[in-house]
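[1] let's see this in three dimensions:
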Amino acid sequence: MVVNGRPIKRMKRRVTADLKDFLTFPGASDEVPGDYDGPFRSNILSFLKNYAQISPPVCLFPQLLVWQITFRIGSLKEDPDSTPAVVTLDVVEEDVPKSRSVYCDNCKVVGWSGHPVCAKRYHFIIRSGLYSSTDGYSKPCASCGDILQLPDSRCKSCNYVMTKDELEDWVYLQLGTTTHLLHGVVHSNGFGHLLRVNGKEGGSKLLSGCDIMNFWDRLCTTLRVRKISVMDVSRKYGLEYRLLHAITNGHPWYGGWGYEFGAGSFALTADTYKKSVENLSKIPLSLFYSESRKPRTRLHSVISFYQSLSETQLLTLRDLFCFLMRLIRNADQQSPADTDKKPRNSSSWTKEDSEHVEQAMIKVLRAVGRDRWVSWRSLKGALYRIASSELLDYCLKDLGGKLVQEGMVYSRCNPDTDALEYRLNTSQDISEDMRSEIEKSPTKDHLLRDLKFLYASLLDPKTMVCDRPIRTSESAKSSAVKLLDCKQFVKDYKPEKIDVVNPFAVRVLCEVEIIDHPKDYAAPPPELILLALNATLADIKTEAAKAFQEVYLMFQRFKVEEVISPVTDPFKYESSSLIRVQGRCHGNLVHLFGTERGLDEWTVSCVCGATDDDGERMLACDGCEVWQHTRCAGIHDSDAVPDQFVCGRCANLLNSSLPTSGIYSCKDEIVSDDKSSRRDGKNLTAGVR
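    Okay, the predicted model is just below:
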């Protein structure tokens, strides 16, 4: 992707000592006081000047200028004699008017389609190990397949000369690849998008997903970005992680860094998201048991098994999945059962009570016979008359590993029945090694298998079981669908709230109003400008015009004519004060670069309430040309769109005999798989990000 730099050599020990630590950069010690008090548009320039380097020769494409910063991973104090690994951050400065893609699709689906087109985009990229920046930039020759080291365009093996178009295609392909460990893009107005995070499960050899997110969050804070969106389509263990994490933590994985609900598909709101999380996560596990019979299904057995393992009561879906995820995290440790163990409160029973029950359990195991396994449920059922259910559970959890006169009690997790089992080993020679082999907790493979089974049975709306009251089942399925439909999350960094270090300047937010603006014009977000303490109205006009000219393409010929502000005296401005300026934009730039949605004129009006593109599949009516969701028109996500489509409104007006969107399935309704209900249309948003 970077074609203007020489290959970076592997770092020697004396060189890495001068590199910043990726795990802590940027920190307070790395910032130059006063350098980052301004807006993102100026902070990024200071940042690149202070830390990045650009290598000759001049870039082959003027629309892409690439800077690089190399970091070491880890502190030198941990092992002074070792050579730390390094990672390189590419900062690609994209000149938007010369780019292949002028308009931003990510802004469209997050609700920022009304923003004017920015002059610059900055891509922050950490490439995967396969294409590590420390190995330079290379691509296979289109003729012979040998590696061609960029920026050379001639293959040394077959003398094939790569054309400029081929090289440009490859460069833009690198910008869009899914293998990057990190890919974030920030527009010059400070609004941006986190496009990719790949931790160790995504191909990273050294950096975890949390390491990468911590770095990204510190970088955004330092550069004073305004808002960052992320489309959460993450998967973990082959499951939709945004649904699983919402159940266990109440928010998506990105919520750990302050990302909150930004925009829901199908007109879903933040309140709907919160209610769906609570409704699904608080479903009682008792609903899956019948009072008339003992648990017999696999679902009942799996739930009972983990309830028997847990030191605390598992009452809800959230309790169950939190406990299971905790076991998975501890599965790689030497003693996962001990790691998860918590001190028990046994004040309800005396020591004599516990010993009496344990002796009774051992007596049952003796009677069963040598080396025969007895299930947890059978052992508990045999003794239900001598003690309470709670006391039996309490003693069963510590029964494994008990030494008796003739041997020791072993416990295991039966992989076929998902139940704890016990047996009395009567061998006379019980060594410490044999004691360490006792495992109450299942293996990681077993845990993952149960996680996928429970996810499919309890969370996935397509496969969710109905072993519960109908009303609860419908509510659970509706909540799960809504959570899956919420993919856009946003973090607001609020840079204007950060304390100013520079005592000789005041920061104000400047709104702009275009005189004689077009009918569909939407004012851009306010821009932060820095003013001297003795600034005049003329200074304000100059700084305001300069700010909007630097940020937005449509304002390149903008001239401020008047300052409109509640405070007319510049000396009385306070930090984060809001002022407004009026001016004119000359030329045709407003039409070309007025909004990120582009020049296409389209209208969204769906029965679910959506009025703008939300990233979901849509089609347009052949009559009124109004767009709506295919799902809301009765078209299943797996179905193709037919050749003709007329919406219900047009059908009623025209009394048309064409197929109509008579089947509405918005938000929480279930769509029939009947192929005869297929409808037509065109995709407003292509593909799934």
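[2] distance of the residue nearest the centre of the chain relative to residue 487?
    Centroid check for the chain by CA atoms, centre = their mean gives residue 232 as the closest residue, at 4.0 Å. Counting by CB to CB, to the nearest Å, the gap from residue 232 to residue 487 is 5 Å. The C-beta positions use only the backbone N, C-alpha and C, and glycine is treated the same way.
[3] which neighbours do those two share?
    residue 242 (CB atoms under 8 Å, 6 or more residues apart in numbering).
[4] sorry, back to before: so the residue nearest to the centre of the chain makes contact with residue 254?
    Yes. Counting by CB atoms under 8 Å, residue 232 does reach residue 254; the two are 6.2 Å apart.
[5] and for the two, which residues touch both?
    residue 489.
[6] those strands in the stretch 301-450 of the chain, which residues are they?
    374-375, 403-404, 407-414, 419-425 (DSSP state E, counting those that start in this stretch).
[7] per-residue confidence at residue 298?
    If you check residue 298, the pLDDT there is 82.
[8] just to revisit the earlier point, which residue is the nearest non-sequential neighbour of the residue nearest to the centre of the chain?
    Closest residue in space to residue 232, ignoring its immediate chain neighbours: residue 242 at 4.5 Å, by CB to CB, 6 or more residues apart in numbering.
[9] OK, contacts around the one you found?
    232, 233, 234, 252, 253, 483, 484, 486, 487.
[10] ok, of the strands of the stretch 301-450 of the chain, where does mean pLDDT dip lowest?
    Taking the mean pLDDT of these, strand 403-404 comes last: a mean of 71.
[11] for the stretch 201-350 of the chain, give me the ranges with low pLDDT.
    For the stretch 201-350 of the chain, the stretches with pLDDT under 70 are 290-296, 332-348.
[12] hang on, residue 44 in a helix?
    Yes. Applying DSSP: H, G, I helix; E, B strand; the rest coil, one finds residue 44 inside a helix.
[13] tally of neighbours for it?
    Using other CB atoms under 10 Å, residue 44 has 24 other residues around it.
[14] can you check residue 62 too?
    Burial of residue 62 is recorded as 9 neighbouring residues (other CB under 10 Å).
[15] quick one: residues contacting it.
    95, 98.
[16] pLDDT-wise, which helix or strand of the chain ranks last?
    helix 336-339 (a mean of 41; mean pLDDT, DSSP states H and E).
[17] hmm, back to that, would TSV of the contacts of residue 242 with secondary structure be doable?
    Formatted as TSV, these follow (three-state DSSP):
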residue	secondary structure
232	coil
233	coil
234	coil
252	coil
253	helix
483	helix
484	helix
486	coil
487	coil
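[18] just the residues you listed now: which is nearest residue 203?
    Using CB to CB, residue 234 is the member of those that lies nearest residue 203, at 14.1 Å.
[19] distance of that closest one from residue 198?
    10 Å.
[20] same thing with residue 89?
    Residue 89 is 15 Å from residue 198, by CB to CB.
[21] so what's residue 361 scoring on pLDDT?
    The model's pLDDT for residue 361 equals 86.
[22] again with residue 438
    45.
[23] give me the domain ranges for this structure.
    The chain breaks down by automatic domain parsing into domains covering 13-226, 298-458, 503-593, 602-689.
[24] just the strands in the stretch 101-250 of the chain please.
    For the stretch 101-250 of the chain, the strands defined by DSSP E, counting those that start in this stretch occupy 120-126, 138-140, 147-149, 182-187, 191-197, 227-231, 235-236, 239-240.
[25] make JSON lines from those and add distance to residue 358 and mean neighbour count to it.
    Output for the strands of the stretch 101-250 of the chain, formatted as JSON lines (distance: least, CB to CB, whole Å; neighbours: other CB atoms under 10 Å):
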{"stretch": "strand 120-126", "distance to residue 358": "56", "mean neighbour count": "22"}
{"stretch": "strand 138-140", "distance to residue 358": "67", "mean neighbour count": "15"}
{"stretch": "strand 147-149", "distance to residue 358": "68", "mean neighbour count": "17"}
{"stretch": "strand 182-187", "distance to residue 358": "54", "mean neighbour count": "25"}
{"stretch": "strand 191-197", "distance to residue 358": "50", "mean neighbour count": "24"}
{"stretch": "strand 227-231", "distance to residue 358": "52", "mean neighbour count": "23"}
{"stretch": "strand 235-236", "distance to residue 358": "40", "mean neighbour count": "14"}
{"stretch": "strand 239-240", "distance to residue 358": "39", "mean neighbour count": "18"}
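[26] of all those strands, which lies closest to residue 219?
    strand 120-126 (7.0 Å).
[27] packing partners of the closest one?
    Packing partners of strand 120-126 (3 or more CB pairs under 8 Å, 6 or more residues apart in numbering; DSSP states H and E): strand 86-95, strand 182-187, helix 209-223.
[28] and among the ones you listed, the most buried is which?
    Counting by mean count of other CB atoms under 10 Å, strand 182-187 has the highest mean neighbour count of the helices and strands packed on strand 120-126, with a mean of 25.
[29] circling back: to residue 282, which of the domains of the chain lies closest?
    Of these, nearest to residue 282 by CB to CB is domain 298-458, at 5.3 Å.
[30] host element of the nearest residue to residue 89 once chain neighbours are set aside?
    Excluding the flanking residues, the one nearest residue 89 by CB to CB, 6+ apart is residue 69, at 4.7 Å. Assigned by DSSP states H and E, residue 69 belongs to strand 64-72.
[31] pLDDT averaged over that strand - what is it?
    On average, strand 64-72 scores 91.
[32] then it to PDB, C-alphas only?
    Output of strand 64-72 as PDB, limited to C-alpha atoms (Å, rounded to 0.1, in the frame of the first residue of the first chain):
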ATOM      1  CA  LEU A  64      -1.500   9.400  -1.300                       C
ATOM      2  CA  LEU A  65       1.300  10.600   0.900                       C
ATOM      3  CA  VAL A  66       2.600   8.200   3.400                       C
ATOM      4  CA  TRP A  67       4.300   8.800   6.800                       C
ATOM      5  CA  GLN A  68       5.700   6.100   9.000                       C
ATOM      6  CA  ILE A  69       6.400   5.700  12.700                       C
ATOM      7  CA  THR A  70       8.200   2.700  14.100                       C
ATOM      8  CA  PHE A  71       7.600   1.600  17.700                       C
ATOM      9  CA  ARG A  72       9.100  -1.100  19.900                       C
END
